[in-house]
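In: only the shape, not the letters, is given here:
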Ligand SMILES: NC(=O)c1ccc[n+]([C@@H]2O[C@H](COP(=O)([O-])OP(=O)(O)OC[C@H]3O[C@@H](n4cnc5c(N)ncnc54)[C@H](OP(=O)(O)O)[C@@H]3O)[C@@H](O)[C@H]2O)c1
């Protein structure tokens, strides 16, 4: 591990496992420096078998033997876990929560004082190393904690630092965003089939088009409207397609999707108040 610390992943579900795989494949950390804990013995055995990682016998043991702990449980399991591990945390320990909606302040009230607490919101393209993680730090976290967290999440994609007040918005946009885009991709694929393409060809055309358009946006830094205008020739085909999108209210629908998901993340934050 570049920062020479021991990492513990508490919760080895979809996201915990994805992070562990990224860290192993990117060689961010030596596998012997990493361990994990789960609730069920079967999950523990499966993860040990698949990833070759050391399993801690309990959450408490994991915390005691780790400098840096990534909390990857569901929001409804957060409180019991924090109460269990809270006393074993404290100065010298860093806790990174990927749990949606629960603030660093709420986490800090349940655990030993002095623990450096951070939050991360990754997304599922992390499974192919193309994730987008937003990171923020609680009041006890130092620059060095943020640096370590950045290093960890870089193993599964890109990382951006944000102010904590934006974490629910991040959840609504990039956390949930892959689902919106899968609907777009499914629709484009079905459209390809409607106009006579095979499913395989339509899937490849749709997928690479979305990937390429996103890459153009990020690599050129140009405004999406300018990039759209370049495809749209006078009296051409694209403007007819765009007219249909406007009539179908695609823009407003996507905006509303992010707004609603953000509101839901805020509401869950109140509900999950630990
Ligand atoms: N999925 C996403 O797109 C996404 C994106 C960003 C952030 N997140 C956040 O990531 C977190 C995890 O999501 P997920 O999809 O990975 O959930 P998941 O697949 O349900 O995994 C949750 C894990 O937590 C473990 N767990 C539950 N209670 C525990 C306890 N008391 N002690 C130890 N381990 C315990 C479970 O262990 P067992 O398997 O043994 O029961 C399981 O391995 C959530 O809070 C979510 O908000 C998810």
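Out: Sure, I can see it. In this text, all values refer to a predicted model and were calculated from it rather than measured experimentally. Numbering: from 1, shown residues only.
In: show me what from the stretch 51-200 of the chain comes close to the ligand.
Out: 59, 72-75, 77, 80-81, 98-100, 121-124, 175 (C-beta under 6 Å from any ligand atom). In this view, the C-beta of every residue, glycine as well, is placed from N, C-alpha and C.
In: now list the buried members of the residues you listed.
Out: Buried members of these, scored by 16 or more other C-beta atoms under 10 Å, are 59, 72-73, 75, 81, 98-100, 121-124, 175.
In: export those as JSON lines, with columns for distance to residue 112.
Out: Below are those laid out as JSON lines (distance: C-beta to C-beta, whole Å):
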{"residue": "59", "distance to residue 112": "14"}
{"residue": "72", "distance to residue 112": "20"}
{"residue": "73", "distance to residue 112": "19"}
{"residue": "75", "distance to residue 112": "21"}
{"residue": "81", "distance to residue 112": "14"}
{"residue": "98", "distance to residue 112": "21"}
{"residue": "99", "distance to residue 112": "18"}
{"residue": "100", "distance to residue 112": "24"}
{"residue": "121", "distance to residue 112": "24"}
{"residue": "122", "distance to residue 112": "26"}
{"residue": "123", "distance to residue 112": "31"}
{"residue": "124", "distance to residue 112": "32"}
{"residue": "175", "distance to residue 112": "29"}
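In: picking up where we left off before, helices - which of the residues of the stretch 51-200 of the chain next to the ligand land there?
Out: 59, 75, 77, 80, 81 (DSSP state H).
In: quick one: the strands in the stretch 1-150 of the chain?
Out: Under the criterion DSSP state E, counting those that start in this stretch, the stretch 1-150 of the chain contains strands at 7-10, 34-37, 54-55, 68-71, 94-97, 116-121, 131-137.
In: my guess is residue 124 contacts residue 132, does it?
Out: No - taking contacts as C-beta atoms under 8 Å, residue 124 lies outside contact range of residue 132: 10.1 Å.
In: tell me the contacts of residue 6?
Out: By C-beta atoms under 8 Å, 6 or more residues apart in numbering, residue 6 lies in contact with 33, 34, 35, 65, 66, 67, 68.
In: how many neighbouring residues does residue 37 have?
Out: 27 (other C-beta atoms under 10 Å).
In: go on, residue 7?
Out: The burial count for residue 7: 26, using other C-beta under 10 Å.
In: please name the bridge partners of it.
Out: For residue 7, the beta-bridge partners under DSSP bridges are residue 34, residue 68.
In: now for the ones in helices among the residues of the stretch 51-200 of the chain next to the ligand, which pair is the farthest apart?
Out: Greatest spatial distance among those (C-beta to C-beta): 59 and 75, at 16.5 Å.
In: which non-adjacent residue is nearest the closest residue to the ligand within the stretch 1-150 of the chain?
Out: As assessed by C-beta to the nearest ligand atom, the ligand sits closest to residue 13 within the stretch 1-150 of the chain, at 1.7 Å. Distances taken as C-beta to C-beta, 6 or more residues apart in numbering place residue 72 nearest to residue 13, at 6.6 Å, with adjacent residues excluded.
In: doesn't residue 18 make contact with the one you found?
Out: No - look at residue 72 against residue 18 with C-beta under 8 Å: they stay out of range, at 9.1 Å.
In: need the worst-confidence member of the residues of the stretch 51-200 of the chain next to the ligand.
Out: Lowest pLDDT of those: residue 75, 90.
In: how close does it sit to residue 202?
Out: From residue 75 over to residue 202 the distance is 37 Å, taken as C-beta to C-beta, to the nearest Å.
In: with residue 196 instead?
Out: 9 Å.
In: for the stretch 101-250 of the chain, which segments count as helices?
Out: Using DSSP state H, counting those that start in this stretch, the helices of the stretch 101-250 of the chain run over 104-110, 143-154, 167-170, 177-194, 199-220, 224-231, 238-247, 250-271.
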